[in-house]
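>>> Next come a sequence and a model predicted from it.
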Amino acid sequence: MSDLHVDRVGPEGAPDVVLVHGWAMHGGLWGGLIDVLARNHRVHVPDLPGHGLSTGSEPPADINAWAEVLLRHAPERAAWIGWSLGGLIAQAVARLAPERVTALGLIASTPSFVVRADWPDAVEPAQLAAFADALAEDADRTLSRFLSLQVRGAANATATLRALRTALSSRPSAAPAARQDGLTLLLESDLRGDLDRIAVPIAAVFGGRDTLIPGEAARALQSLAPKARVNVLENAGHAPFWSHPDEVSDILAGLLRDAN
C-alpha cells in the first residue's frame with residue numbers, strides 16, 4: 001500500500017483545494033502557485049504514489065485506483081486542480097465521488113491524453129509507446145527530454161525549463177514502476193463520456209504552444225463540457241503556471257470563487 005506524502009499549506013478552516021501534479025513529477029512542481037492559492041485556501045499537495053516523497057507500492061495501473069488513493073488522503077470536500085496526468089486523475093475523482101468535489105480545474109489536461117478515432121487533437125499512441133521504450137532504456141535522458149518538451153516553443157522557455165529542473169531535483173525521482181504505470185494511465189484512460197456529468201464549475205487552461213496537448217484540444221474539451229470556462233494562453237507551453245503565473249492564478253481564482 002502506498003504511503004502518500006501530502007503537503008498542507010494555508011489557514012486551517014479555509015476552503016480546501018487539492019493540487020494533483022503531472023506524470024513523473026511531484027508536488028513541488030506546483031511552485032509559487034501553492035503560495036498564491038494558500039492566501040485564502042487550505043491547499044493539499046500530494047505526491048502521487050511512487051513519486052517524490054510518497055513511498056510504498058503503487059496501486060494498479062487503473063485511473064480509478066489512483067483516484068481512490070488520493071481520496072483516502074483528501075479533505076471531505078475540496079476543489080480539485082490537476083496538471084496533465086493529474087487532471088485525468090482529478091476527473092476520475094469527480095466521477096467517483098462527486099459529493100466531495102466543489103470545482104474542477106484542468107491545466108494542460110483533457111479527458112483523453114491520446115488520439116482516438118473521434119479525438120484527433122492529442123498525442124499519438126505510438127509516440128507514447130515509443131516514449132515508454134525510451135524510458136526503459138535511459139530514464140534520465142528521457143525525463144530530461146520530457147521537461148524540454150513541456151516548454152519548447154513557449155515564451156520564457158529557457159527560464160521556465162531551468163525552474164522546472166530545479167523544482168524536480170528537490171525531491172526523489174519517481175520510482176520506475178510508478179513512471180511506467182503513469183504512462184499506462186495516459187495511454188488507456190478515456191473519460192470523455194463522463195465530463196458532461198460533472199455538475200461543479202470547471203475551468204481549463206491550455207498553452208497555445210504546447211507540444212504535448214495541442215491548443216486545438218481546447219475546442220474539443222469545450223464541446224464535451226459546454227459550461228466549462230476554457231482558456232488558451234497563446235504563448236504558453238505545457239506548464240503555463242510557470243511561464244504565465246499571473247494569468248493562471250487569475251483563472252483559478254475565478255474558479256474557486258464559483259466553487260459549490
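The structure has been received and is ready for your questions.
>>> Would you mark the buried spots in stretch 187-201?
187, 189, 191, 192, 195, 198, 200, 201 (16 or more other Cβ atoms under 10 Å). Placement of C-beta: from N, CA and C, glycine included.
>>> ok, now stretch 134-148?
135, 142, 143, 146, 147.
>>> Can you classify the closest residue to residue 174 other than its chain neighbours as helix, strand or coil?
Excluding its sequence neighbours, the residue lying closest to residue 174 (Cβ to Cβ, 6 or more residues apart in numbering) is residue 51, at 4.4 Å. Recorded secondary structure, residue 51: coil (DSSP: H, G, I helix; E, B strand; the rest coil).
>>> got the contact list for residue 51?
Contacts for residue 51 (Cβ atoms under 8 Å, 6 or more residues apart in numbering) come out as 21, 24, 25, 26, 174, 175, 178.
>>> From residue 6, how far out is it?
12 Å (Cβ to Cβ, to the nearest Å).
>>> Residue 99 now?
Residue 99 is 21 Å from residue 6, where distance means Cβ to Cβ.
>>> all strands of the stretch 51-200 of the chain, in order?
78-83, 101-107 (DSSP state E, counting those that start in this stretch).
>>> so can I have CSV of those strands showing mean neighbour count, mean pLDDT and distance to residue 259?
Formatted as CSV, the strands of the stretch 51-200 of the chain follow (neighbours: other Cβ atoms under 10 Å; pLDDT from 0 to 100; distance: least, Cβ to Cβ, whole Å):
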stretch, mean neighbour count, mean pLDDT, distance to residue 259
strand 78-83, 27, 98, 5
strand 101-107, 26, 98, 4
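>>> Where is pLDDT lowest across the buried residues of stretch 134-148?
Among the buried residues of stretch 134-148, residue 135 carries the lowest pLDDT, at 86.
>>> dump the residue contacts of that residue.
142, 143, 179, 180, 183.
>>> per-residue confidence for the last one?
Right, residue 183. For residue 183, the model assigns a pLDDT of 93.
>>> where's the residue lying closest to it once chain neighbours are set aside relative to residue 24, distance?
In this structure, residue 183 finds its nearest non-sequential neighbour in residue 132, 4.9 Å apart by Cβ to Cβ, 6+ apart. Using Cβ to Cβ, residue 132 is found at 12 Å from residue 24.
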